[in-house]
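Trainee: Have a look at this prediction, sequence included:
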Amino acid sequence: MSSKKKPDQELQAARTSGFSRRGFLGTASATAGAVGGGLLERPAQAAPPAGIMGPGEIEITLTINGKATPVKVEPRTTLLDALRERLEITGAKRVCDRGTCGACTMLVNGKTVYACTALAVDMAGKKIETIESLSAGARPHPIVPAFANHDAQQCGYCTPGMVMASKGLLDQTPNPTYDQVKAGLGGNLCRCGTYVGIRKAVLDAAKELRATGARKNGGSNA
Amino acid sequence: MHSFEYASPATLKEAFGLLGNSWSDAAVLAGGTDLITLMKEHLAEPKRVVNIKGIKELGGITKSGGGLRIGATATVDDLLSSALVRAGYPSLLAAARGIASPQLRHMGTVAGDLCQRPRCWYYRNGFGLLALKDGKSLVDGGQNEFHAIFPKGVAKFVSASSFGPALIALGAKVKIASSTGEREVAVAEFFKAPASETDREIDLHPNEIITAILVPAAKGAKNATYEVRNREGLDWPLATASVSLTMKGASVGSASIVLGHVGPTPVVAAAAAGTLTGKTITEATAEAAGKAAVAGATPLSDNGYKVHLAAVAVKRALLAAAGKA
């Protein structure tokens, strides 16, 4: 158990340091952004015909990690792009952007989905859980230290999706077999090939969750 | 992705009013796992997207006339967790499990699986549905290891549908509605091999919506699906077979054998199925039926290996249906 403390502390420090890679990159490219950014702006559309929205921007409300969050999107904006590009919720990654790799996995009404292949407008009123919810409490959700302890990542691009797919699996199947873990993560790809570590981490997290009895609500808020 | 208008009607009547007469007018959105990717690749560019998930009557998997009614917005996950499906339709369950991604099973619908466009890499990369250049098929002399071994005319892609073969073997129908009325089409007739670039692979018009899939009562008939795939991962199978058997005691009263991923439509192997009448299912009869099912195959330059895979799929599906796997 003592080996778990170190990664926990590192994660905590990273979360509270205020450093954001995205903030750094944003500052570094501010000049380029000022030139290019205007092209992406579109005026919000005035009163659409009855029942029809868009094609310009419309305001919708997404329920993200329990919080009602208004956001302006075009109908074509995916859930992933709404979160990453409009709301700066960047934990989920945009990797294949074609509903295959799983790096954008999040939970919608308790079930894993590919956020790159869902329209944001279609998600209004649904309960969206992102990886940010796993670090909301005093301690991260047990899946997080389990991934660190089992070296369950190399480059890290697949990790947020793998972690959320694991959360989705453990919410439904709290005591999975190795084969159930393998099948349950069947929608997520890791090009570094860290699958064995990931599966061990999920089994370990399941054990920890059962021990603490904090299975359903993320554990970290208890 | 081009911009589009969006609507989420609450009734079928409203939905019909939002559709048009051409595929570029409006697209129907249910699971979206194919449509959104097609729009990103500019293979579909509808002016309007009509989300049908808010139409209550299109949901659910329910009993209907002793059989099943799979609503148009029922997901693959809904099918897997349906007690009705679990009770009598192992061939549908196996096809659902073959979709290896939980995310796709949570999002994608069974009806949408029938409507997905081909996964042919020529089509997906903008060479057209039939991949013709100066009237000649790029597939013939190109990379065709995953293409049809039962091509039909110029159509050499394979139908990507997971459920099509199982539904055909079970004698299922697709229920389709438009503002002018309803019609039912046997799933076997729903798939069509396109003869030109503007044809579609399914019998559905731009102003129509699939409302349900109707599966007849299994009546104690045995059914199974076997998928041959490259490793266990997230990919379409290389060849599949779905079978349905009506037994007379220990021997076969009638059989249905349908191959998947080998032709631009699922391929019904009626003659092979006929050879099983009056026989018991054994290794030998199942293997012979498998060989008969692929007897008419005309593979392309690099996909001859699929002929054997399809024959093995038939054999294993028959043995599984007979409880001898």
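Mentor: Cool, got the structure. Note that the structure is a prediction, hence the values are computed from the model and not measured.
Trainee: Minimum distance to chain A, which residue of the stretch 51-200 of chain B gives it?
Mentor: Residue nearest to chain A within the stretch 51-200 of chain B: B:Ser101 (3.0 Å; Cβ to the nearest Cβ). Using the backbone N, CA and C atoms, a C-beta is placed for each residue, glycine as well.
Trainee: Roughly how far does that residue sit from B:His2?
Mentor: The gap separating B:Ser101 from B:His2 is 27 Å, by Cβ to Cβ, to the nearest Å.
Trainee: now do B:Phe191
Mentor: 28 Å.
Trainee: swap in B:Thr282?
Mentor: 56 Å.
Trainee: now do B:Ala172
Mentor: B:Ala172 is 35 Å from B:His2, by Cβ to Cβ.
Trainee: Mind checking which of these two has more residues around it?
Mentor: Taking other Cβ atoms under 10 Å in any protein chain shown, B:Ala172 and B:His2 do not tie; B:Ala172 has more neighbours (23 against 12).
Trainee: Does that one touch B:Phe190 like I think?
Mentor: No - using Cβ atoms under 8 Å, B:Ala172 is not in contact with B:Phe190; the gap is 9.4 Å.
Trainee: Please enumerate residues in contact with the biggest helix by length in chain A?
Mentor: As assigned by DSSP state H, the longest helix anywhere in chain A is helix A:195-212. Contacts with helix A:195-212, where a contact means Cβ atoms under 8 Å, 6 or more residues apart in numbering or on different chains, come from A:141-143, A:146-147, A:149-153, A:162, A:166, A:169-170, A:174-176, A:178, A:181-182, A:184-185, A:190, A:215, A:219, A:222.
Trainee: filter those residues to the buried ones?
Mentor: Buried members of these, scored by 16 or more other Cβ atoms under 10 Å in any protein chain shown, are A:141-143, A:146-147, A:149-150, A:152-153, A:162, A:166, A:169-170, A:176, A:181-182, A:184-185, A:190, A:219.
Trainee: list the contacts for B:Asp77?
Mentor: Counted by Cβ under 8 Å, 6+ apart, B:Asp77 has contacts A:111, B:102, B:105-106.
Trainee: same thing but at 10 Å, please
Mentor: B:Asp77 sits next to A:111, B:96, B:99, B:102-109 when contact means Cβ atoms under 10 Å, 6 or more residues apart in numbering or on different chains.
Trainee: Over to the residue of the stretch 51-200 of chain B closest to chain A: give its phi and psi.
Mentor: Main-chain torsions, B:Ser101, degrees, to the nearest 10: phi -100, psi 120.
Trainee: Pull the number of nearby residues for it.
Mentor: By the measure other Cβ under 10 Å, the count of residues near B:Ser101 is 26.
Trainee: Pretty sure it sits against A:Gly99.
Mentor: Yes - using Cβ atoms under 10 Å, B:Ser101 is in contact with A:Gly99, at 8.4 Å.
Trainee: Residues that sit against both of those two, list them.
Mentor: Shared contacts of B:Ser101 and A:Gly99 (Cβ under 10 Å, 6+ apart): A:114, A:187, B:33, B:107-108.
Trainee: Now neighbour count too, for these, in JSON lines please.
Mentor: Formatted as JSON lines, the shared contacts of B:Ser101 and A:Gly99 follow (neighbours: other Cβ atoms under 10 Å in any protein chain shown):
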{"residue": "A:Tyr114", "neighbour count": "33"}
{"residue": "A:Gly187", "neighbour count": "27"}
{"residue": "B:Thr33", "neighbour count": "28"}
{"residue": "B:Met107", "neighbour count": "26"}
{"residue": "B:Gly108", "neighbour count": "25"}
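Trainee: Tell me which of those fall in helices.
Mentor: Assigned to helices by DSSP H, the following of these qualify: B:Met107.
Trainee: Now do B:Ala250, the pLDDT please.
Mentor: Here the pLDDT value assigned to B:Ala250 is 92.
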